[in-house]
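Asks: Give the three-dimensional model of this entry:
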Amino acid sequence: QVHLVESGGGLVQAGDSLKLSCAKSGETFSWGVMGWFREVPGKERVFVAAIRASDGTTWYSNSVKGRFTISMDGAKGTVSLQMTSLRPDDTAAYYCVAGPQFADTPNEFIGEWGQGTQVTVSS
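Replies: A predicted model of the protein is given here:
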């Protein structure tokens, strides 16, 4: 069984940077796509960023484009999300995902989900 474990969340101030990491444990096969979604209490879980292992293609939501950078070590099965110029509206629980192909909605992203790591940005 594959497990995804996120790390790196925390409390920062607006304008700060933070890096999230996600590692998979368990079976050693590699997923085609890894990425991140985020969720605010009372709101739907939304797509943040994703990366395809085969060619490094990346996808970003409009709200984070230019501020967040996703990277992957396919051999290790890890994915990172470098977040800069953080804003209070980036506050959310961030979930790592891994699956065979890209989808930008949680219902369509078929694969594994991590337990989430909280990011809180104060103004």
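Asks: Spell out the secondary structure type for the residue nearest to the spatial centre of the chain.
Replies: By Cα atoms, centre = their mean, the chain has its centre lying nearest to residue 36, at 2.2 Å. Secondary structure state of residue 36, per DSSP: H, G, I helix; E, B strand; the rest coil, is strand.
Asks: So what pairs up with it in the strands?
Replies: residue 49, residue 96 (DSSP bridges).
Asks: Would you agree it is in contact with residue 70?
Replies: Yes. The pair residue 36 / residue 70 is scored as a contact, 7.0 Å apart, by Cβ atoms under 8 Å. C-beta here means a position set from N, CA and C on the backbone, and glycine is covered the same way.
Asks: which residues in this structure form strands?
Replies: 3-7, 10-13, 18-25, 33-39, 46-52, 58-60, 68-73, 78-83, 92-99, 112-113, 117-122 (DSSP state E).
Asks: Could you tell me which ranges of the protein sit under the pLDDT cut-off?
Replies: Residue ranges of the chain with pLDDT under 70: 1-2, 27-30.
Asks: 80 instead, please
Replies: Scanning the chain for pLDDT under 80 picks out 1-2, 25-31, 74-77.
Asks: So which of the strands of the chain is the most surrounded?
Replies: For the strands of the chain, the largest average neighbour count (mean count of other Cβ atoms under 10 Å) is found in strand 33-39, namely a mean of 24.
Asks: any shared contact partners between residue 36 and residue 70?
Replies: Shared contacts of residue 36 and residue 70 (Cβ atoms under 8 Å, 6 or more residues apart in numbering): 49, 50, 79, 81.
Asks: didn't the first one look like it was pressed against residue 33?
Replies: Yep, that's residue 49 we're talking about. No. Taking contacts as Cβ under 8 Å, residue 49 lies outside contact range of residue 33: 10.8 Å.
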